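Q: sequence and predicted model, in that order:
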Amino acid sequence: MITSSRTIEPTHPGAWSGLESTDPSAEIGVLGVPFDGGSSFRKGSSFAPQRIRELTPHIAPATEEGMPLSGLRIYDYGDVPIDLNWQQYFSTVEKRATTVLRHPFSLFLGGDHSVTIPLTRAFSKSIKGEFGVVHIDAHLDLADTFKGHRWSHACTERRVLELPNIESRHMSLVGIRSFMEDELLFLADHPEIEVHTAHNVYMRGIKNVAYDVVKQLRSADAVYVTLDIDALDPAFAPGTGTPEAAGLSTRDVLELLHIVFSKLPIRALDIVEVSPPLDHADITSVAAAKVIYEVFGWVKRIIAFPGAGETRQ
Ligand SMILES: [Mn+2]
């Protein structure tokens, strides 16, 4: 007979599975940006940083292929407290993110997708040379304005393309399956922007798409990845404000990230639009957490301990 001493208590006490560190030289800096004032439809993403952190004591500190995450240190800066003056808030987010970006790798937890605007502004200033963006999303977020606003979550990548050290050919969008008319006009003027629709991913397979992304961004000096959880099919991520049917699987996103992390100089990731109040049984937060822990594994292998070896095919 096999007996188990396991209980429902967390088997890995402490946030981030016990990997949390107060050492400023920690490999990973984390910052929560609980702002959902840029959402155009259903809100609730302001609760995501808290919910994702709450889940982490229950997650084993290892990758899905069994590589222990021990030795990796995570410095959590907490959340940027909400300010009712959103312009002031975005400038505080940018300032805080600048500090976090001193770590070899930064993880930002939204919030809605508008938070990527101040985050990429900080990223743009923090790197030497040109940067590129991998935007994984159901939506392009390339509107110049949306419902009268330039800082809506539908305008994120238009604002990113206004930054001084990004060329539009260094933007790759994956999982897209929703288009607005002005976005289509913008894309017609900018054929160098790479769009991989969800249909394209389904037909060609995520591996081929991932290698196209690598090819597109290879000459960038640093890469920022932004993951809108609505890139996933609502079956995998129902808890989000603007769901779109017929999306990517969690597996697609993990395989895509695995390839781009191993081939491109990725220095930061944000995960946005997880909305715990709209979720069911934490499916969406758990998907976000899975992605985060695999990213931790890639950071350990690629940035923190490059000799740790490859465990995946
Ligand atoms: Mn989206």
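A: Sure, I can see it. Numbering: from 1, shown residues only.
Q: need the next SSE after the longest strand along the chain, C-terminal direction.
A: Longest strand of the chain, by residue count under DSSP state E: strand 166-176. Downstream of strand 166-176, the next assigned helix or strand under DSSP states H and E is helix 181-189.
Q: quick check, that next one touching the ion?
A: No: Helix 181-189 does not reach the ion (C-beta under 5 Å from the ion); its nearest approach is 12.2 Å. Glycine gets a C-beta too; all of them are placed from N, C-alpha and C.
Q: who touches that helix?
A: Outside of helix 181-189, the residues within contact range by C-beta atoms under 8 Å, 6 or more residues apart in numbering are 140, 142-144, 158, 193, 195.
Q: what pairs with the next helix or strand after it, parallel or antiparallel?
A: Downstream of helix 181-189, the first helix or strand assigned by DSSP H and E is strand 194-197. Note on strand 194-197: by DSSP bridges, its sheet partners are strand 166-176 (parallel).
Q: pLDDT of the partner strand, averaged?
A: Here strand 166-176 scores 98 as its mean pLDDT.
Q: same question for stretch 296-313.
A: On average, the pLDDT along stretch 296-313 is 74.
Q: same deal with stretch 59-67?
A: Stretch 59-67 shows a mean pLDDT of 96.
Q: gap between the two ends of that stretch?
A: 14 Å (C-alpha to C-alpha, to the nearest Å).
Q: repeat that for stretch 161-168.
A: One end of stretch 161-168 to the other measures 6 Å (C-alpha to C-alpha).
Q: mind listing what's buried in stretch 35-44?
A: For stretch 35-44, burial by neighbour count (16 or more other C-beta atoms under 10 Å) applies to 35-40, 43-44.
Q: pretty sure Arg158 contacts Asp144?
A: Yes: between Arg158 and Asp144 a contact is recorded at 5.4 Å, counting by C-beta atoms under 8 Å.
Q: not counting residues beside it along the chain, what's closest to Pro49?
A: Setting aside the residues directly before and after it, Pro49 is nearest to Gly32 in space (C-beta to C-beta, 6 or more residues apart in numbering), at 2.9 Å.
Q: doesn't that neighbour fall inside a strand?
A: Yes: according to DSSP: H, G, I helix; E, B strand; the rest coil, Gly32 belongs to a strand.
Q: which stretches in this structure count as strands?
A: 28-33, 74-79, 105-110, 131-136, 166-176, 194-197, 222-228, 266-272.
Q: would you tell me which residues of this protein are close to the ion?
A: 137-139, 228, 230.
Q: I'd like these laid out as CSV, including neighbour count.
A: Output for the residues of the chain next to the ion, formatted as CSV (neighbours: other C-beta atoms under 10 Å):
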residue, neighbour count
Asp137, 28
Ala138, 28
His139, 26
Asp228, 29
Asp230, 29
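Q: is it true that Ile136 touches Ala231?
A: Yes: assessed by C-beta under 8 Å, Ile136 is found in contact with Ala231 at 4.5 Å.
Q: overlap of the contact sets of these two?
A: By C-beta under 8 Å, 6+ apart, the residues touching both Ile136 and Ala231 are 174-175, 248, 253.
Q: identify, from those residues, the entry nearest to the ion.
A: Gly175 (8.7 Å; C-beta to the ion).
Q: spatially nearest residue to the one residue in the stretch 1-150 of the chain that gets nearest to the ion, not counting backbone neighbours?
A: The stretch 1-150 of the chain approaches the ion most closely through His139 (3.8 Å), counting by C-beta to the ion. Spatial nearest neighbour of His139, chain neighbours left out: Ser178 (5.0 Å); criterion: C-beta to C-beta, 6+ apart.
Q: so which of the contacts of helix 181-189 wins on neighbours?
A: The residue in these with the most neighbours, by other C-beta atoms under 10 Å, is Leu142 (28 neighbours).
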